[in-house]
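**Student:** heads up, no residue letters with this:
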């Protein structure tokens, strides 16, 4: 009735994580939930190369998807400010498969260059933070301030 072909809306049974990631890549677009965003689901969708449309809110739980998707700088149209814009953008992207195809290709190309999926960088930063924490503790015998790691 509203212009979405039945074969474009797919439901599937629960499966193991590897199979789930494989089939996620067949989606054109991930529509994020409002108020409490997808956390692992968003990351899985981006790993599978699927753009995530999200509307960040005021609380941490409603900003996670925006944070993750913002790491793909050249992929636009992924964050919207209002519910009206969310609905409009979802419909527009649903009708423009050529646009979501380019978005998917860009995410796939950039995936390994983002901090979100750079495990070696994460480990290096975590180790540096742990070392700084230990140094601060041994110097003062207490830890009463934040440790900020710059890029």
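**Tutor:** Nice, thanks for sending it over. None of these values were measured; they are calculated from a predicted model.

**Student:** Go through the helix-or-strand element of the chain with minimal mean pLDDT and flag the buried ones.
**Tutor:** Ranking every helix and strand in the chain by mean pLDDT, DSSP states H and E puts helix 119-140 at the bottom, with a mean of 87. Residues of helix 119-140 classed as buried: none (neighbour count, 16 or more other Cβ atoms under 10 Å). Yep, even glycine has a C-beta here, placed from its N, CA and C like the rest.

**Student:** just the strands in this structure please.
**Tutor:** For the chain, the strands defined by DSSP state E cover 30-31, 52-53.

**Student:** Pick the most deeply packed of those strands.
**Tutor:** Of all these, strand 52-53 has the most neighbours on average by mean count of other Cβ atoms under 10 Å, namely a mean of 24.

**Student:** now the strands of the chain in a markdown table, with distance to residue 137?
**Tutor:** Converted to a markdown table, these look like this (distance: least, Cβ to Cβ, whole Å):
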| stretch | distance to residue 137 |
| --- | --- |
| strand 30-31 | 42 |
| strand 52-53 | 39 |
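
**Student:** mind putting those in TSV, distance to residue 37 and mean pLDDT included?
**Tutor:** Shown next, in TSV, are those (distance: least, Cβ to Cβ, whole Å; pLDDT from 0 to 100):
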stretch	distance to residue 37	mean pLDDT
strand 30-31	11	94
strand 52-53	9	95
